[in-house]
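Colleague: take a look and give me a structure for this.
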Amino acid sequence: MITRELFISRLKAKRLPSLPLTVVALGEAVQDDRCTVDRILAILSKDPSLSATLLRLANSALYAVEGSTMDLRTAVLRLGFDAVANLGTGAAVIRTLKGGAHVNALKLWQHSVAVGLTAKGICVLARRHGQAESAFLTGLLHDIGKIALDTCFPEDYTVVLQKVAEGAYFVDAEREVLGLDHAEAGSLLAAEWSFPQAIVEVIRDHHTPQAGDFLPSLIHLADLLVRTRIPMGPADEHLMLSLDDLPAFKTVLAGALDQDLDVERLTFSIDDELEHALAFVEVAFQA
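Modeller: Residues are numbered from 1 along each chain as shown. Got it, this is the predicted structure:
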């Protein structure tokens, strides 16, 4: 069985790349209330690849609602500082963990970006606008443990993938074969990368959120909704949800349930986010 200590030891032995210093600097900059667009541009000037990726994202169907721009300053102002930091982090993580030994990385990242975008959209419905960007980033990162486990323990993870192919859910197969699931592994990797503790905890708890805990419940809900559209295995092809019976649904949308909430519109709007996810991953993979 794989312990936390063994996993961290193997992470160090495999020398998984750290996030680029540019991404770390962006994250620190946007936490400063005195941050200016010139400071953001100065950081991006040290990473032409990331700058090009952000410019492509600003011109993608996801954000280009005001026409195209060839100017990075305009792109930063259009996206906003928080979005620039989160999109930069997302693109960098996808580049860093472009694939494991056996996991279908393209499918995983399409799923993960879709979860992030869906979570961001649900935040708006829940009137939690201030947490929308955090929702996007945590949704994008929630499954990074799958690639980490596949990279660090490729032979063991082959057995996990076989069980998934036979109809098991990922988290169940991982716990049975490895004793450590991707939620725990992802939180350990996020901690190694010095992500904020709040993000580490959401990644760790996204399959087992505590009642009333908003962000883990949000990512749990978004993950389930997206898996009904992008099945991550045969078990997901038969995934049926009754939103009213989900504690996470009540936790996330408690403030909106006193209104006429169009649940059907909510679920079908996810299809639009899937298209945006495909575009985001395509741009990130070009880097």
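Colleague: any idea of the mean pLDDT in the helix or strand encompassing residue 90?
Modeller: Using DSSP states H and E, residue 90 maps to helix 81-96. Averaged across helix 81-96, the pLDDT comes to 86.
Colleague: go on, stretch 175-194?
Modeller: Average pLDDT, stretch 175-194: 94.
Colleague: and that stretch, end to end?
Modeller: 25 Å (Cα to Cα, to the nearest Å).
Colleague: next, the buried residues of it.
Modeller: Residues 175, 177-178, 180-191, 193 are the ones in stretch 175-194 that count as buried (16 or more other Cβ atoms under 10 Å). (C-beta placed from N, C-alpha, C; glycine too.)
Colleague: which of these sits closest to residue 158?
Modeller: residue 177 (9.5 Å; Cβ to Cβ).
Colleague: from residue 171, how far off is that closest one?
Modeller: In this view, residue 177 and residue 171 are 11 Å apart by Cβ to Cβ, to the nearest Å.
Colleague: and residue 85, how far from residue 20?
Modeller: 12 Å.
Colleague: neighbour count winner among the two?
Modeller: Higher neighbour count among residue 85 and residue 20: residue 85, with 24 against 19, using other Cβ atoms under 10 Å.
Colleague: I'd say the more buried one and residue 30 touch.
Modeller: Yes. Residue 85 is in contact with residue 30 according to Cβ atoms under 8 Å; the separation is 4.5 Å.
Colleague: for the buried residues of stretch 175-194, which one is nearest residue 46?
Modeller: Nearest member of those to residue 46, counting by Cβ to Cβ, is residue 193, at 19.1 Å.
Colleague: how near is the closest residue to the closest one other than its chain neighbours to residue 170?
Modeller: Counting by Cβ to Cβ, 6 or more residues apart in numbering, residue 19 is the residue found nearest to residue 193 once chain neighbours are left out, at 5.5 Å. Distance from residue 19 to residue 170, counting by Cβ to Cβ: 24 Å.
Colleague: check residue 57 too.
Modeller: According to Cβ to Cβ, residue 57 and residue 170 sit 28 Å apart.
Colleague: pick out whichever of residue 19 and residue 170 has more residues nearby.
Modeller: A side-by-side neighbour count of residue 19 and residue 170, using other Cβ under 10 Å, places residue 170 first with 25 against 17.
Colleague: can you give me the domain assignment for this protein?
Modeller: 4-15+99-286, 17-96 (automatic domain parsing).
Colleague: quick check: which of these is buried the most?
Modeller: domain 4-15+99-286 (a mean of 19; mean count of other Cβ atoms under 10 Å).
Colleague: chain center to that domain, what's the gap?
Modeller: Offset of domain 4-15+99-286 from its chain centre (Cα atoms, centre = their mean, to the nearest Å): 7 Å.
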